[in-house]
Every structure is written in structure tokens, then in C-alpha cells.
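J.: give me a 3D structure for the following:
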Amino acid sequence: MSRAQDSTVHLCIDMQRLFTREGPWPTPWMDRVKPNVARLVEAAPGRTIFTRFIPPHTAEEAVGVWRDYYARWRNVTTSVLDPRLLDLVDPLDRHADRATVIDKGTYSAFGEPRLLAHLREHGVTGVIVTGSETDVCVLSSVLDAVDIGLRVTVVEDAVCSSSDDGHDALMMLYRKRYSLQIQTACTDEILADWT
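T.: Numbers count the residues shown, from 1 in each chain. Presented below is the predicted three-dimensional model:
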């Protein structure tokens with residue numbers, strides 16, 4: 001395995017029950033991409049970082065515009081929400097004990113300082129990004145990863161959105177506008193190099 005591969009991790013964004021049909025924010029594509037995400041996790045669970053989006057306990061505990069957001073989405077605050085919806089989806093949840101799990105309260109995975117500290121501690125220079133949603137948390141995390149200087153690969157058949165238009169626009173943006181900083185690849189291409 002090359003040095004570049006040794007220093008790359010799989011960053012799996014918010015593949016939680018919260019974003020399935022059982023939750024208040026369903027992302028229908030999740031069922032389609034989940035097998036590809038699972039294949040990547042199974043190939044290297046110890047080099048996988050799962051993030052989980054954790055809303056505040058109440059809208060009043062949120063800061064700034066997040067307070068208005070959660071006033072609209074009170075049913076998603078943890079004082080109301082079924083806590084099982086914060087869990088990773090099956091079968092990803094089976095690998096959580098061998099992976100790293102980082103909870104966050106913002107769109108970007110890098111909003112949680114523990115992520116960057118973990119990457120630096122392990123000498124990580126690149127991230128393979130999968131998860132939900134292409135045009136929200138994945139987008140925010142990818143752009144922060146670029147700003148930090150990480151090599152970024154978005155796995156095009158392992159990211160999903162509740163908006164087809166948003167997903168398609170972001171995939172085009174990654175390929176055309178950010179092509180020097182963000183690569184896109186399919187699961188099979190990643191696995192050929194990953195293992």
C-alpha cells in the first residue's frame with residue numbers, strides 16, 4: 001500500500017436513522033447508496049470515521065440562526081426526538097466499535113474540533129467522503145477539508161440527498177469547479193486502490 005493510501009481515511013457523514021424513512025428528514029437515496037458505503041466500511045473499518053449529526057436538546061439552546069432553525073424543527077430536538085434515530089443505519093452500526101464515531105452539532109464534520117485533532121494525531125492527509133446529504137453536510141465537510149489542505153475524494157455512488165437537483169448540481173460543481181482539489185470516483189475504483 002502506498003504512503004498516500006496509508007494516510008487516507010474514509011469519512012462517512014451522517015448515515016443515521018434520522019435521515020431514513022423512519023425519521024423526520026428522509027433521504028430516499030440513502031437506501032441506494034448504503035450498500036456501497038457498507039462495502040467501503042467493511043474494507044477498512046479501522047480507517048473509517050463515522051459522524052453523527054446531533055441536534056440540540058431544545059431550540060432555545062441553539063445559537064444564532066440555528067435557534068430559528070430548531071424553532072421550526074422542534075420535533076428534531078433531542079428533548080422530543082426518539083434517541084434511536086440518532087443511531088447509524090444497519091449494517092454500518094455493526095462496525096462502529098472498530099471505527100471512530102464523532103458526534104457533531106453543525107453541518108460540517110469539522111465543526112467538531114475532535115475530528116481535526118484525530119486526523120492530525122494519525123497523520124491523515126486525505127479523506128474519502130461518503131454519506132448524507134450531498135448538498136448539505138457532505139458539502140460543508142468537503143469544503144472544510146479542502147480549506148484544511150486534505151486530499152478529498154467524493155464517492156459519487158455513495159453520497160445521497162433528498163434533492164436530486166441539489167445532488168446533481170454539487171456533483172457537477174465538484175467535477176468542474178473544484179477539480180484541482182476534489183476528486184470524484186465510484187466505489188469500485190476506490191476499493192481497487194483501498195485494498
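
J.: how about stretch 92-103: buried residues?
T.: 92, 95, 96, 99, 100, 102 (16 or more other CB atoms under 10 Å). The way it works is simple: take the backbone N, C-alpha and C, and place the C-beta from them, glycine included.

J.: contact partners for residue 162?
T.: Contact analysis of residue 162 by CB atoms under 8 Å, 6 or more residues apart in numbering lists 25, 26, 27, 28, 29, 133.

J.: ok, residue 26 touching residue 17?
T.: No. Using CB atoms under 8 Å as the test, residue 26 is too far from residue 17 to be in contact (10.4 Å).

J.: quick one: which of the two has more around it?
T.: Here residue 26 and residue 17 are set side by side on neighbour count (other CB atoms under 10 Å), and the busier one is residue 17, at 18 against 13.

J.: show me what counts as buried in whichever strand or helix holds residue 42.
T.: Per DSSP states H and E, residue 42 falls inside helix 30-43. In terms of neighbour count (16+ other CB under 10 Å), helix 30-43 has its buried residues at 30, 33, 34, 36, 37, 38, 40, 41.

J.: can you check stretch 143-161 too?
T.: 143-146, 150-161.

J.: just the residues you listed: which are in strands?
T.: With DSSP state E as the criterion, strands contain 151, 152, 153, 154, 155, 156, 157, 158, 159, 160 from among the buried residues of stretch 143-161.

J.: if the third one is in a bridge, with which residues?
T.: The reference is to residue 153. residue 128, residue 183 (DSSP bridges).

J.: if we can go back for a sec, can you redo the buried residues of stretch 92-103 as TSV with secondary structure?
T.: Shown next, in TSV, are these (DSSP: H, G, I helix; E, B strand; the rest coil):
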residue	secondary structure
92	helix
95	helix
96	coil
99	coil
100	strand
102	strand
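
J.: list just the nearest of these to residue 72.
T.: residue 102 (26.1 Å; CB to CB).

J.: from residue 158, how far off is the closest one?
T.: Remark: distance between residue 102 and residue 158 (CB to CB, to the nearest Å) = 19 Å.

J.: tell me which residue lies farthest from the centre of this protein.
T.: residue 60 (26.1 Å; CA atoms, centre = their mean).

J.: for residue 53, give me phi and psi.
T.: phi -80, psi 120 (degrees, to the nearest 10).

J.: got the contact list for it?
T.: Residue 53 neighbours (CB under 8 Å, 6+ apart): 14, 16, 18, 86, 104, 105, 137.

J.: and the residues you listed, which of them are buried?
T.: Buried among the contacts of residue 53 by 16+ other CB under 10 Å: 14, 16, 18, 86, 104, 137.

J.: redo these as a markdown table? Include secondary structure, pLDDT and distance to residue 168.
T.: Below are those laid out as a markdown table (DSSP: H, G, I helix; E, B strand; the rest coil; pLDDT from 0 to 100; distance: CB to CB, whole Å):
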| residue | secondary structure | pLDDT | distance to residue 168 |
| --- | --- | --- | --- |
| 14 | coil | 98 | 20 |
| 16 | strand | 98 | 23 |
| 18 | helix | 97 | 23 |
| 86 | helix | 98 | 29 |
| 104 | strand | 98 | 26 |
| 137 | helix | 97 | 17 |
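
J.: before I go, just wanted to say thanks for your time.
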